[in-house]
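Engineer: below is the structure, and that's it, no one-letter string:
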């Protein structure tokens, strides 16, 4: 809940977001009800951010969005709702200019789903994500390192970061969705640059 706001506070302290990632025209895919556009003034190199949500069309295909148009795209907790992650990523890469950035945040399967599938906290989740594991408990798990390698002809990895600040093991033992708290991120942030 309000994952964009949580990540913006963290990103504000990271110079790469000011000088490299959030530069130019961007698109925030799946941004409602907490869009990045409300924070543009915090990152002066942003010219504009368009919020794309369900009423704009299927985020898997990004139909009618021009190829190589945006300088950066971001998506916070949207990819896990897509029917076909590979088709989605192909189209998200398509709409970014060469040299532009993809900033994608997904829930970490161990911190968020906590070993239960289907998701106990969001029945619309179609996938779980991990940075990398030899074997996952989830039948719908995607290793982000494997996904990045699959798309390595189109993108280069800038970073993959496990976001676990303010994650509390005692709440995990109580089976509590920590994303409903105002501080905890239970996610993985994947940043890539389009070749």
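Structural biologist: It's in. As the structure is a computational prediction, the values presented were derived from the model and not from experiment. Numbers count the residues shown, from 1 in each chain.
Engineer: quick check: which ranges of the chain have low pLDDT?
Structural biologist: By pLDDT under 70, the chain contains no weakly predicted segment.
Engineer: let's see that with 90 instead.
Structural biologist: 1-2, 165, 169-173, 181-182 (pLDDT under 90).
Engineer: what ranges do the helices span in it?
Structural biologist: Ranges of helices within the chain are 3-12, 15-16, 85-94, 144-150, 169-173, based on DSSP state H.
Engineer: possible to save these as CSV with mean neighbour count?
Structural biologist: Where you see a C-beta, it was placed from the backbone N, CA and C, and this is true even at glycine. Below are the helices of the chain laid out as CSV (neighbours: other C-beta atoms under 10 Å):
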stretch, mean neighbour count
helix 3-12, 18
helix 15-16, 10
helix 85-94, 18
helix 144-150, 15
helix 169-173, 10
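Engineer: which of those helices sits closest to residue 127?
Structural biologist: Relative to residue 127, the nearest member of these by C-beta to C-beta is helix 85-94, separated by 6.0 Å.
Engineer: now the helices of the chain in CSV, with distance to residue 129?
Structural biologist: As requested, those are arranged in CSV below (distance: least, C-beta to C-beta, whole Å):
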stretch, distance to residue 129
helix 3-12, 14
helix 15-16, 22
helix 85-94, 9
helix 144-150, 6
helix 169-173, 17
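Engineer: closest to residue 179 out of those helices?
Structural biologist: helix 3-12 (6.6 Å).
Engineer: surely residue 80 touches residue 106?
Structural biologist: Yes - under the criterion of C-beta atoms under 8 Å, residue 80 makes contact with residue 106 at 5.5 Å.
Engineer: measure residue 5 to residue 131 for me?
Structural biologist: Computed as C-beta to C-beta, to the nearest Å, the residue 5 to residue 131 distance reads 24 Å.
Engineer: of the helices of the chain, which is nearest residue 137?
Structural biologist: Closest among those, once you apply C-beta to C-beta, is helix 169-173, at 14.7 Å.
Engineer: centre of the chain to the closest one, how far?
Structural biologist: 24 Å (C-alpha atoms, centre = their mean, to the nearest Å).
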